[in-house]
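Novice: only geometry, no sequence info:
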DNA sequence: AAAATTTACGAAATCGGTTTCGTGTTGACA
DNA sequence: TGTCAACACGAAACCGATTTCGTAAATTTT
């Protein structure tokens, strides 16, 4: 193991004190020009880099942001990470990424470990199991320890911290309204169980659009997917109803619905129009390409770090939790009719 | 800011020395039962957690693994990250994730920052620009500093470190051979420019399969995509040739090819069979679903950390770089004929 | 009862930096 | 020539832990 060069090494080698070396390397006026030059040349030659751990300990900050996601093999979340990393880097921060895998226990543990001082703050999207349990005490503890925390996408009101969300109700409304506008009469909804907050909100938007358009809502047209079961089989039930439009709260559900529709010999979009959620690769490349709600994950990530870094760097200020709503766009593609 | 509790606080509060506290918390036999109980109870009550930075500095290890990827919004890379994180966590490590965005300069900087002691080792897949430049000195410096390094997927021989790769030649061979076997006579290849090592290797496999099968290779059937230009237009050129099979070295190229084929009114797989690379969501959900080479990213990630942690924890051992080849599977779906 | 050992704890060094506060030397000014 | 400021540098504290070593008191051994 090649010995890493430290301030102490330099000091000994050059016959000066460590304080002199430290000051010389920061170009302090306290140090004479000759000494400075000598030290800088030496440090440069041996490619001296200050040990970041020592600095972190001294400064009581790590310049690291912890990010906990439910999963990563997922277009939306990976886009958010991109946004987080890009802006964090700009600001001189790095990110430590962990996954809860939708698991409550792992979320608790990860949170506990990361709050030991390894990060200056945290950005989290809550695990499904936690949303189901409704046990948020691990987050509340964090807030009480005054560790900066930003929640995004999957958030809950019980936790007093900054939050970034997509306008899920609005998006659900926008999608459903579009289906109505192009002439769909019986619109199915493929959503998540109620405890998944985003699913519930998108459903609200769906219902709002129907009511506003005087279309009767029908609970038989709403399927709540249990991901532990076979997704396709559950969606197939929806096709037993007489439907001419589908709003799915994510890409996978939409893709599955499209597949089933094709298998049943339905023409998309003429017999049935489909709108998904998340503007991922599936929506873009499947055929027909899928009309979808684009969530702007990159912007969400960026906003999340922005809020977080602001919190971290202005700790003295009185803190009032902010909630930022990112609007989402309907991206019209081939899976929806152009008019009635 | 609520004051974090430290060993010093406990010591002062309980009228003992910091060493006593430290030992008591580790249940050392050196400390009397009463004192121990008192300290442990106190620490427990105030939810004391040792400052990890202090420990890292003292132990000269961070239990953090740096991961540098070219991009993340990509099925293969996000799968690899999953694998890395899963096994790293099992072993008590965390991962710091950075992205080079295929950019040489950012790769150099990131590498430099992370090698300041913030991580115990690094897992990297090289940026495209770096591969093009052929300037690997930043990696070579790293190796000379004896910082454990594992390269995966995009690797180069010039760097003496552990490597994990997919059997790209074999995979290219397997895919092409399959096309030959089902009766394709003129097989197009959609690949990357030569400097992208994986693309070049997959091409070798393609050529090998053709030669072995006494099919004439034809450079007009090979398209090297320049990602700075319009991908679809480039692929369209291939369709000016008379082809009945396509092997694309990634999912996006395959999806684009399929789209063009459909636009031209070709029936897939009867008129033309298509095989892609990376078993992502596009391949799975497009219709027809795409026959592809599954790369087992999760396993690659896991193997990479395994090698790395082994390196980190057995630094004394003489080091001989290993290269692990992960075999890949042909996953047959609907975009290829079942027989000739 | 004296010697040896064990028990229970504290002082201080260490990890690698930064920073405050002194201090000896030099030069300028009265 | 005496005084004072400026200059150039070092000693030591500090960040928060661990760990070695030393030692007083208690206990056991001889």
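Specialist: Looks like it arrived, so ask away. If you're wondering where the values come from, they're calculated on a predicted model, not measured in any experiment.
Novice: so after the worst-scoring helix or strand of chain A on mean pLDDT, what's the next helix or strand?
Specialist: In chain A, no helix or strand scores lower on mean pLDDT, DSSP states H and E than helix A:281-285, which sits at a mean of 93. Using DSSP states H and E, the helix or strand that follows helix A:281-285 towards the C-terminus is strand A:291-294.
Novice: which parts of the stretch 51-200 of chain A sit against chain B?
Specialist: Within the stretch 51-200 of chain A, the positions adjacent to chain B are A:51-54, A:56-57, A:62, A:64, A:71-75, A:78-79, A:81-82, A:85, A:89, A:94-99, A:112-118, A:144-146 by Cβ under 8 Å from any Cβ of the partner chain. C-betas here are computed from N, CA, C, even on glycine.
Novice: Give me the buried entries from those.
Specialist: Neighbour-count burial (16 or more other Cβ atoms under 10 Å in any protein chain shown) applied to those gives A:51-53, A:56-57, A:62, A:64, A:71-75, A:78-79, A:81-82, A:85, A:89, A:94-99, A:113-115, A:117-118.
Novice: now residue A:134: how far from chain B?
Specialist: Per Cβ to the nearest Cβ, to the nearest Å, residue A:134 is found 23 Å from chain B.
Novice: Now do the contacts for that residue.
Specialist: Contact analysis of residue A:134 by Cβ atoms under 8 Å, 6 or more residues apart in numbering or on different chains lists residue A:195.
Novice: Please report phi then psi for it.
Specialist: The phi and psi values for residue A:134, taken as degrees, to the nearest 10, are phi 60, psi 30.
Novice: State the pLDDT value of it.
Specialist: pLDDT for residue A:134: 96.
Novice: Next one: it from residue A:194, what distance?
Specialist: To residue A:194, residue A:134 is 12 Å away according to Cβ to Cβ, to the nearest Å.
Novice: ok, now residue A:326?
Specialist: Going from residue A:326 to residue A:194 by Cβ to Cβ gives 23 Å.
Novice: out of those two, which sits in the busier spot?
Specialist: For residue A:326 versus residue A:194, neighbours defined as other Cβ atoms under 10 Å in any protein chain shown are more numerous around residue A:326 (19 against 12).
Novice: close enough to count as contact, the more buried one and residue A:166?
Specialist: Yes. At 5.2 Å, residue A:326 and residue A:166 qualify as touching, with contact defined as Cβ atoms under 8 Å.
Novice: circling back: inside strands: which ones of the residues of the stretch 51-200 of chain A next to chain B?
Specialist: Judged by DSSP state E, those include A:64, A:94, A:95, A:96, A:97, A:98, A:99 as members of strands.
Novice: which of those come close to DNA strand C?
Specialist: By Cβ under 7 Å from any atom of the strand, no member of those lies near DNA strand C.
Novice: For the least confident helix or strand of chain A, which helices and strands make contact with it?
Specialist: In terms of contacts (3 or more Cβ pairs under 8 Å, 6 or more residues apart in numbering or on different chains; DSSP states H and E), helix A:281-285 is packed against helix A:251-263, helix B:251-263, helix B:281-285.
Novice: Mean neighbour count added to the ones you listed, as TSV?
Specialist: What follows is the helices and strands packed on helix A:281-285, written out as TSV (neighbours: other Cβ atoms under 10 Å in any protein chain shown):
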stretch	mean neighbour count
helix A:251-263	22
helix B:251-263	22
helix B:281-285	23
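Novice: Dump the ones you listed into a markdown table; add distance to residue B:124 as well.
Specialist: A markdown table is the format used below for the helices and strands packed on helix A:281-285 (distance: least, Cβ to Cβ, whole Å):
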| stretch | distance to residue B:124 |
| --- | --- |
| helix A:251-263 | 30 |
| helix B:251-263 | 22 |
| helix B:281-285 | 25 |
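Novice: out of those helices, nearest to DNA strand C?
Specialist: DNA strand C lies closest, by Cβ to the nearest atom of the strand, to one member of the helices and strands packed on helix A:281-285: helix B:251-263, at 44.6 Å.
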